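K.L.:
Provide a 3D model corresponding to the input given below.
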Amino acid sequence: MAGGEAVTTSPILASSWEGLGITAYRLGGDDTALMAQDMAPSSLEADWHHGLALARKGRHDEALLLLRKVVDREPAHAGAWQGIARSEAALGRVEKRREALEKVAASYRKDEDARALKRRLFEMREQTEHKVSSGDPAGAAA
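P.N.:
Okay, the predicted model is just below:
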């Protein structure tokens with residue numbers, strides 16, 4: 001588990017171990033990632049990548065502990081929910097996998113809804129600016 005005691009007194013060492021662990025995971029170096037994350041303090045990113053590295057090594061029960069810790073802190077973390085779904089599937093827990101995949105879908109729907117609202121607000125602003133610049137302040141206000 002993440003949360004090494006040796007680095008907590010030095011923020012520089014703590015962030016270095018965390019960065020090494022995340023980078024090693026992304027480059028496929030799971031053994032290095034796990035070693036580094038064992039030295040890093042617990043954080044959302046560190047725990048997420050640590051959990052993913054554990055899952056890739058087939059240590060799904062341990063991975064689930066860390067990934068659930070991530071979603072406890074950030075319930076809409078789609079990446080953590082995807083990792084949970086993979087580990088639950090590997091352990092043969094079909095219903096728990098389905099539940100995790102529903103969380104992934106809900107997270108993506110929420111993101112898409114936010115993007116759609118942002119696009120609509122941008123379009124309304126453009127229309128308003130066009131009306132103001134063409135001499136139609138009443139139309140712009142509407």
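K.L.:
which strand or helix spans residue 65?
P.N.:
Using DSSP states H and E, residue 65 sits within helix 60-73.
K.L.:
just checking, what packs against that helix?
P.N.:
helix 44-56, helix 78-90 (3 or more C-beta pairs under 8 Å, 6 or more residues apart in numbering; DSSP states H and E). To be clear about C-beta, it is placed using only N, CA and C from the backbone, and glycine gets the same treatment.
K.L.:
of all the ones you listed, which lies closest to residue 28?
P.N.:
For those, the distance to residue 28 is smallest for helix 44-56, at 8.4 Å, taking C-beta to C-beta.
K.L.:
list the buried residues in that closest one.
P.N.:
The neighbour-count check on helix 44-56 (16 or more other C-beta atoms under 10 Å) flags 46-56 as buried.
K.L.:
and for stretch 25-35?
P.N.:
Within stretch 25-35, the residues that count as buried by 16+ other C-beta under 10 Å are 25, 29-30, 32-34.
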